[in-house]
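*Asks:* below is the sequence, then the predicted model.
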Amino acid sequence: QVQLVESGGGLVQAGDSLRLSCAASGRTFSSFGGGWFRQAPGKEREFVAAINWRAGITYYADSVKGRFTISRDNAKNTVYLQMSSLKPEDTAVYYCARATVFPSALVGSYDYWGQGTQVTVSS
């Protein structure tokens, strides 16, 4: 069993930055690593970024490439999402998840999920 707990969400203005954290406990992240997804009201959950746990290779959705950075701290079993130049369209609940395949943007490639953290970007 793996427990994932996200933190760091909040209300910010357009252009601001935020850093989300996802701490894993239990069996922790697999060698495939972890990822971040987001879900806005009335929309499907969409892929944001993923990171391979061993090699640190990263993979991003086009919509966040160049603005968001995913990273991990192996010792802390934690994955981070540094978000910069935030836009109102980035507003969503952000979820972290453990990957079973890398790289993958598919929800079905992730087996454990956190409860989510709200990010709201005002214009």
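*Replies:* Arrived safely.
*Asks:* please, which helix or strand holds the residue minimising distance to the centre of the chain?
*Replies:* Central residue of the chain (CA atoms, centre = their mean): residue 36, 2.2 Å from the mean position. Using DSSP states H and E, residue 36 sits within strand 34-39.
*Asks:* any stretches of the protein with poor pLDDT?
*Replies:* Within the chain, no stretch has pLDDT under 70.
*Asks:* and with 90 instead?
*Replies:* For the chain, applying pLDDT under 90 flags the ranges 1-2, 25-32, 54, 74-75.
*Asks:* can you pull out the strands in it?
*Replies:* Shown for the chain, the strands assigned by DSSP state E span residues 2-7, 10-13, 18-26, 34-39, 46-51, 58-60, 68-73, 78-83, 92-99, 110-113, 117-122.
*Asks:* who does the shortest one pair up with?
*Replies:* Same thing as strand 58-60. Strand pairing for strand 58-60, using DSSP bridges, gives strand 46-51 (antiparallel).
*Asks:* so which bits of the partner strand are buried?
*Replies:* 47, 48, 49, 50, 51 (16 or more other CB atoms under 10 Å). Glycine gets a C-beta too; all of them are placed from N, C-alpha and C.
*Asks:* taking strand 18-26 as reference, get the angle to that strand.
*Replies:* When axes from the mean of the first three to the mean of the last three CA atoms, to 10 degrees is applied, the directions of strand 46-51 and strand 18-26 differ by 70 degrees.
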